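**Student:** Whatever this is, show me its structure:
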Amino acid sequence: MSKDVQVEFKWLEAKSQGPDTVIFRLEDGALVKVKVDIDRAGIATNAKNPDGTPQYNVNVNLRVTTIPPDRKFKLLKSSLQGSLTGQKPPPGQIS
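**Tutor:** Numbers count the residues shown, from 1 in each chain. Predicted structure coming up:
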């Protein structure tokens, strides 16, 4: 039975060196936007890769948005009732 060894990492700050969003146009005219954000990055302080190079741990967050060619979308009327009656909209919705 092998003992699981903990690897300790030093937290690294990550700064974007260019745009964080890439936009692709599909052949039907739709746009696909991919946004990348680094949640956490670290370099191991007590371990290295077998070839001697530093060992990194990077957690990323991807947000993919697709915009159809006609630029239309649908919502259920019931989800809009708050804006029609003066009630506060649910989180994430702007009325």
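**Student:** next structured bit after the longest strand anywhere in the chain?
**Tutor:** Assignment by DSSP state E gives strand 31-48 as the longest strand of the chain. The element immediately downstream of strand 31-48 (helix or strand, assigned by DSSP states H and E) is strand 54-67.
**Student:** tell me which strands and helices that next one is in contact with?
**Tutor:** Packing partners of strand 54-67 (3 or more CB pairs under 8 Å, 6 or more residues apart in numbering; DSSP states H and E): strand 31-48. All C-beta spots, glycine's among them, are computed from the backbone N, C-alpha and C.
**Student:** Parallel or antiparallel, list what pairs with the strand it packs on.
**Tutor:** strand 9-12 (antiparallel), strand 21-25 (antiparallel), strand 54-67 (antiparallel) (DSSP bridges).
**Student:** Residues touching it, excluding its own?
**Tutor:** With CB atoms under 8 Å, 6 or more residues apart in numbering as the test, strand 31-48 has contacts from 7-14, 20-26, 54-67.
**Student:** okay, now the nearest residue to Leu12 once chain neighbours are set aside: neighbour count?
**Tutor:** Using CB to CB, 6 or more residues apart in numbering and skipping the chain neighbours, the partner closest in space to Leu12 is Ala41 (4.6 Å). Neighbour count of Ala41, defined by other CB atoms under 10 Å: 16.
**Student:** In a markdown table, list the strands paired with strand 31-48 along with mean neighbour count, mean pLDDT and distance to Asp37.
**Tutor:** Formatted as a markdown table, the strands paired with strand 31-48 follow (neighbours: other CB atoms under 10 Å; pLDDT from 0 to 100; distance: least, CB to CB, whole Å):
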| stretch | mean neighbour count | mean pLDDT | distance to Asp37 |
| --- | --- | --- | --- |
| strand 9-12 | 12 | 97 | 15 |
| strand 21-25 | 11 | 96 | 10 |
| strand 54-67 | 11 | 95 | 5 |
